[in-house]
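J.: can you look at this prediction? I've put the sequence above it.
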Amino acid sequence: MVVRRDGVLLEYVAGHGVFDIDPAADPAGQSLERLWPSPIAQAVKHLVRRAIADRGTAQGRLHHDQDFHARAVPQGPDRAVCVIQAVAAAPPGEAEEPGENSADRPFDRRGFMRRFKHSMSSAALRESPTAIVYVQVDGIADIARSIGSLVAGQVSEIAIQRLMQVPGHAASGGDPPWYMGQLGEGALALVLQTADRVAIEACVGRACESLSEPVVVGDAAFHLTPHAGVAILGRDASSPKMLLDHARAAASEARRCGPQAVCFFSDTLKLRSLARLDVARELADAIEQRAIHLEYLGRHDLATGRLTARVAYLRWRHPLRGDVRPAEFVSVAEATGFGHALSCCALERLREDYELMAQHEDPEVRISFGALRHHLLRDDFVEEMSRFIAGGAIPPERFELRIAERAFLVIEPATLLPLQEMGVRLIVDEVGRGMTSLDRLARAPLWGLQLDRSWVTALHRDPIALKVCRAGIGMAAALGLVPIATGVDTPAQRRVLFDLGCRHGMGDMYLPGAQAPSSAAI
């Protein structure tokens, strides 16, 4: 169930035999006191408030004719997801005794942190090898935004329960023993009693494989993507706080390296992190001084070579570093809170550039702009873009807005209608990099789908890439959208894409000096 901090029930999925009490036919909007006995209602409310205050998982025991285990996970500043399960009675004499080896008790954030600090102190005194693994699980937040916090809580619960069966948990078998805790939404921590890199990689690899397996809730299967960072006691830090911070920094590096990557904190990573802080400070100055520029690549008709759009990409000319690639500063901007400011700065640069381009550009050539994720997800984004167009910056019939597939997953399609009604073309970019919802694609007022460059450039050497391109182009055609290819570098690629049904593309073969294609060449 989803419960507000004042005890009002927002969502509820009826269980079986929980308190032997059935809520009213439509309990949403009612207080817990009206549905359950006062002691139970007060206990659940207290659990919810504790989870919200701690910004982490809170757990407790309830009793009503039998014992129940209750767990609350915060889903924002004023609500939490609660899961209540009956506790099977243990045989006489086998009741669990609390203590250091009780792996399942200290699972909430506060309990885990207490045990973690105690483990670090003991390990330091005994000089025993210990490592902490910070696991960032991508997908939970997107499920909460796009489907609902209740489903996100169920997915998280199932994934964690399955993870607890991985060898090594609760010191089972010959694997290095470990225990775990949940630090927040999509953030887990594992503490391993070993400093052996091979053993750590093997254990963390099994944990990531478990988290990557599809989680089935009802008729739907959800896919999570874990990224793990490791810090070792005595080698990377000596205090629990610094050790956890270093593991978190390593997990951020793992996220940049790709799915299921495991990164160890090291001096190189530390220097790299400090370099990113320098980049963040310099980027803030560049935004303020309007040192951000746009580079325009041409999109062409694959049959005739005719220019159809100018596609804008961010560029930063640093006075000392030279041209800084977007891959190096866009992620830093989004991680440090400059994503919206950077996107708005680029939008203003687009306004200035268009004034010059409009004087000599074919009026049928569109201008394509891709807003950053933090800009797109703002509540006032559509209103802001409407003001930008209505102010005469760019005629709507010549403006094209690209939305990255990852951001499109969490945008309500109906909110984009005002832009489409103004004449703006909407395109989902980087198709094939993640998991796009067909329902959203069918409902959103889109004009086209742009295939991710990595698939297009590999279609000749990788049969999987060819299948993905064929599927993406076929999906666009089935939905009545225009397929667009990026990374069209050779005539052979252009020919294959054209045969698959793609009519628009961009890439190296259309750069100045390259031979323009003719319809006969197709």
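T.: Yes, it's here. Numbers count the residues shown, from 1 in each chain.
J.: for the stretch 301-450 of the chain, which segments count as strands?
T.: According to DSSP state E, counting those that start in this stretch, the stretch 301-450 of the chain carries its strands in the segments 307-318, 322-324, 366-370, 399-404, 425-431, 448-451.
J.: may I see the buried residues of the shortest one?
T.: Which is strand 322-324. residue 324 (16 or more other C-beta atoms under 10 Å). Bear in mind the C-beta positions are built from the backbone N, C-alpha and C, glycine included.
J.: re earlier: okay, the strands of the stretch 301-450 of the chain, which one's buried deepest?
T.: Ranked by mean neighbour count under mean count of other C-beta atoms under 10 Å, those are led by strand 448-451, which reaches a mean of 26.
J.: what helices or strands is the helix or strand just after that strand leaning on?
T.: Downstream of strand 448-451, the next assigned helix or strand under DSSP states H and E is helix 453-457. Counting contacts by 3 or more C-beta pairs under 8 Å, 6 or more residues apart in numbering; DSSP states H and E, helix 453-457 is packed against helix 463-478, strand 482-486, helix 491-500.
J.: list of residues touching helix 453-457?
T.: 432-433, 465, 468-469, 472, 485-489, 493, 497, 505, 507 (C-beta atoms under 8 Å, 6 or more residues apart in numbering).
J.: closest to residue 130 out of these?
T.: residue 433 (37.0 Å; C-beta to C-beta).
J.: would you map the helices across the stretch 101-250 of the chain?
T.: 109-126, 140-146, 149-163, 197-212, 240-257 (DSSP state H, counting those that start in this stretch).
J.: follow-up on the earlier one: lowest average pLDDT across the strands of the stretch 301-450 of the chain?
T.: When the strands of the stretch 301-450 of the chain are ranked by mean pLDDT, strand 322-324 comes last with a mean of 77.
J.: adjacent strands (with direction) for it?
T.: Neighbouring strands of strand 322-324 in its sheet, by DSSP bridges, are strand 307-318 (antiparallel).
J.: out of the strands of the stretch 301-450 of the chain, the one nearest residue 160 is which?
T.: Closest to residue 160 of the strands of the stretch 301-450 of the chain is strand 399-404 (C-beta to C-beta; 28.9 Å).
J.: any stretches of this structure with poor pLDDT?
T.: 14-26, 87-109, 167-175, 258-261, 267-276, 321, 432-437, 512-522 (pLDDT under 70).
J.: break it into its domains for me.
T.: Domain assignment for the chain by automatic domain parsing gives 2-86, 105-265, 275-510.
J.: what's the spacing between residue 358 and residue 350?
T.: From residue 358 across to residue 350, the span is 12 Å (C-beta to C-beta, to the nearest Å).
J.: look at the two and report which has more neighbours.
T.: Per other C-beta atoms under 10 Å, whichever of residue 358 and residue 350 has more neighbours is residue 350, with 20 against 13.
J.: so which helix or strand takes in the closest residue in space to residue 310 that isn't next to it in sequence?
T.: Residue nearest to residue 310 in three dimensions, not counting chain neighbours: residue 296, with 4.3 Å by C-beta to C-beta, 6 or more residues apart in numbering. Here residue 296 sits within strand 292-301, counting by DSSP H and E.
J.: buried ones in that strand?
T.: Within strand 292-301, the residues scored as buried using 16+ other C-beta under 10 Å are 292-294, 297-300.
J.: next, format those as JSON lines and append distance to residue 163.
T.: Listed next are the buried residues of strand 292-301 as JSON lines, based on distance: C-beta to C-beta, whole Å:
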{"residue": "292", "distance to residue 163": "42"}
{"residue": "293", "distance to residue 163": "46"}
{"residue": "294", "distance to residue 163": "44"}
{"residue": "297", "distance to residue 163": "44"}
{"residue": "298", "distance to residue 163": "48"}
{"residue": "299", "distance to residue 163": "45"}
{"residue": "300", "distance to residue 163": "49"}
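J.: on that earlier part again, of all the helices of the stretch 101-250 of the chain, which one comes closest to residue 32?
T.: Proximity of these to residue 32 was assessed by C-beta to C-beta; the nearest stretch is helix 149-163, lying at 15.9 Å.
J.: and that closest one, which residues are buried?
T.: 149-157, 159-160, 163.
J.: again, but for stretch 489-501
T.: 489, 493-494, 496-498, 500.
J.: make JSON lines out of those and add distance to residue 386.
T.: Formatted as JSON lines, those follow (distance: C-beta to C-beta, whole Å):
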{"residue": "489", "distance to residue 386": "37"}
{"residue": "493", "distance to residue 386": "38"}
{"residue": "494", "distance to residue 386": "37"}
{"residue": "496", "distance to residue 386": "39"}
{"residue": "497", "distance to residue 386": "34"}
{"residue": "498", "distance to residue 386": "36"}
{"residue": "500", "distance to residue 386": "36"}
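J.: now for those: which two are most distant?
T.: Pairwise over the buried residues of stretch 489-501, using C-beta to C-beta, the maximum falls at 489 and 500, 16.4 Å.
J.: contacting residues for residue 137?
T.: The contact partners of residue 137, by C-beta under 8 Å, 6+ apart, come to 156, 159, 186-188, 211, 224-227.
J.: I should have written residue 331 there, sorry.
T.: residue 256.
J.: any idea how far residue 342 is from it?
T.: For residue 331, the distance to residue 342 equals 11 Å [C-beta to C-beta].
J.: cool, residue 71 as well?
T.: For residue 71, the distance to residue 342 (C-beta to C-beta) stands at 39 Å.
J.: ok, residue 221 next?
T.: 36 Å.
J.: more crowded one of these two?
T.: residue 342 (24 against 11).
J.: pretty sure the more buried one is touching residue 336, no?
T.: No. With contact defined as C-beta atoms under 8 Å, residue 342 and residue 336 do not form a contacting pair (10.2 Å).
J.: which residues are in contact with both of these two?
T.: With C-beta under 8 Å, 6+ apart as the test, residue 342 and residue 336 both reach residue 283.
J.: circling back to that earlier point, which one of the strands of the stretch 301-450 of the chain lies closest to residue 205?
T.: Of all these, strand 425-431 sits nearest to residue 205, with 27.5 Å by C-beta to C-beta.
J.: dump the closest one to CSV, keeping only the CA atoms.
T.: Provided in CSV are the C-alpha atoms of strand 425-431 (Å, rounded to 0.1, in the frame of the first residue of the first chain):
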residue,chain,number,x,y,z
ARG,A,425,8.0,18.1,-35.0
LEU,A,426,8.8,15.7,-32.1
ILE,A,427,11.4,13.0,-32.5
VAL,A,428,12.4,10.2,-30.1
ASP,A,429,16.2,10.1,-30.2
GLU,A,430,18.6,7.2,-29.5
VAL,A,431,16.0,4.5,-30.2
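J.: pull up the pairing partners for it, direction included.
T.: By DSSP bridges, strand 425-431 pairs with strand 399-404 (parallel), strand 448-451 (parallel).
J.: picking up where we left off before, so can I have JSON lines of the buried residues of helix 149-163 showing distance to residue 450?
T.: Below are the buried residues of helix 149-163 laid out as JSON lines (distance: C-beta to C-beta, whole Å):
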{"residue": "149", "distance to residue 450": "31"}
{"residue": "150", "distance to residue 450": "34"}
{"residue": "151", "distance to residue 450": "29"}
{"residue": "152", "distance to residue 450": "29"}
{"residue": "153", "distance to residue 450": "34"}
{"residue": "154", "distance to residue 450": "34"}
{"residue": "155", "distance to residue 450": "29"}
{"residue": "156", "distance to residue 450": "32"}
{"residue": "157", "distance to residue 450": "36"}
{"residue": "159", "distance to residue 450": "32"}
{"residue": "160", "distance to residue 450": "36"}
{"residue": "163", "distance to residue 450": "36"}
